[in-house]
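A.B. asks: Let me see the structure of the following:
(one chain, ligands or ions: 1)
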Amino acid sequence: PANDIDSLRLQLIAGSFQVQQQIIPQLADLGNEGLDVLMEFLLKRRENPATWVDGKVYQVLYNSDAPQAKEFLFSSFPEGIVPLKSECGINYNPLQQLLAVQDFQAADRMTIQKMCELAGPTAVQRKWLYFTEVENFPAVDLQTINNLWVVHSEGKFGFSVQREIWLSLGKNWDNFWPKISWKKGNNWTRYPNEFIWDLSAPKGHLPLSNQLRGVRVISSLFSHPAWSKNP
Ligand code: UYC
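C.D. replies: Numbering: from 1, shown residues only. Below you'll find the predicted structure:
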């Protein structure tokens with residue numbers, strides 16, 4: 001078993017994303033020794049921006065019953081692995097916690113709520129956004145929300161992921177909606193039950209932006225300077 005652990009440890013450190021993705025649950029299944037390797041991995045990488053591989057490792061530890069994993073996260077990553085920066089004093093920890101347990105549906109609601117908080121008390125009451133409010137969002141806050149989604153979804157979800165797809169389709173909404181399964185033929189996907197709330201969803205499926213009032217909000221989201229600046 002020691003040999004197994006060493007070999008898995010090396011593959012975790014040096015393997016491709018795909019290899020790493022397969023190794024993480026294997027290490028988790030090996031009990032304390034496996035968890036030790038995962039904790040060491042996360043600590044060694046903490047100076048670098050978190051990737052979705054770090055997200056996977058964090059999630060495994062976060063959802064483990066082992067006391068050593070709980071203690072480790074409590075002391076070394078009390079707020080997760082994505083820095084929860086906000087220019088407006090907004091607490092993104094509730095969003096990070098929902099994403100850490102992969103509750104994508106609740107995380108989606110929380111994302112709307114946090115963006116309304118970002119827009120101010122009138123938007124919080126209204127429960128939806130004007131595109132002019134989105135234009136004025138600080139880049140830092142959008143980047144925090146987005147990094148949380150990307151890191152905790154194997155790079156599958158997030159505004160930046162959706163934006164890349166939208167750009168690759170020449171900003172054509174009629175092609176964009178079916179591409180991310182928001183529309184099938186002439187039919188809009190119905191909220192909430194027809195949406196896919198796990199990683200089997202197509203790339204860019206989440207987070208949702210209600211299109212009921214048109215594309216101006218999502219359009220100003222995708223055109224925001226947040227995505228051209230470094231986080
Ligand atoms: N909903 O259909 N949506 C709601 C989506 C549309 C509608 C919420 C997304 C089309 C109504 C979210 C799609 C449409 C409500 C989303 C979608 C429509 C509602 C909750 C595919 C009818 C009740 C947050 C593009 C043809 C609330 C919120 C209301 C809610 C998301 C209907 C997240 C991505 C055009 C009637 N839909 N939405 O915003 O506003 O309320 O009346 O996009």
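
A.B. asks: low-scoring pLDDT stretches of this protein, where are they?
C.D. replies: 1-2, 229-231 (pLDDT under 70).

A.B. asks: near the ligand, which residues of it show up?
C.D. replies: Contact residues (C-beta under 6 Å from any ligand atom) of the chain with the ligand: Ile112, Trp128, Trp177, Trp182, Trp188, Thr189, Tyr191, Leu208, Ser209, Asn210, Gln211, Leu212. No exception for glycine: its C-beta is placed from N, CA and C like everyone else's.

A.B. asks: State the helix or strand in which the second one lies.
C.D. replies: Okay, so that is Trp128. Assigned by DSSP states H and E, Trp128 falls within no helix or strand.

A.B. asks: cool, the third one as well?
C.D. replies: When secondary structure is defined using DSSP H and E, the element that contains Trp177 is helix 173-179.

A.B. asks: re the thing from before, only the buried subset of the residues of the chain next to the ligand, as a ChimeraX command please.
C.D. replies: Remark: buried members of the residues of the chain next to the ligand, expressed as a ChimeraX selection using 16 or more other C-beta atoms under 10 Å:
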select :112,177,182,189,208,209
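
A.B. asks: would you list the residues of the chain next to the ligand in a markdown table and tack on secondary structure?
C.D. replies: Below are those laid out as a markdown table (DSSP: H, G, I helix; E, B strand; the rest coil):
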| residue | secondary structure |
| --- | --- |
| Ile112 | helix |
| Trp128 | coil |
| Trp177 | helix |
| Trp182 | coil |
| Trp188 | strand |
| Thr189 | coil |
| Tyr191 | coil |
| Leu208 | coil |
| Ser209 | coil |
| Asn210 | coil |
| Gln211 | coil |
| Leu212 | coil |
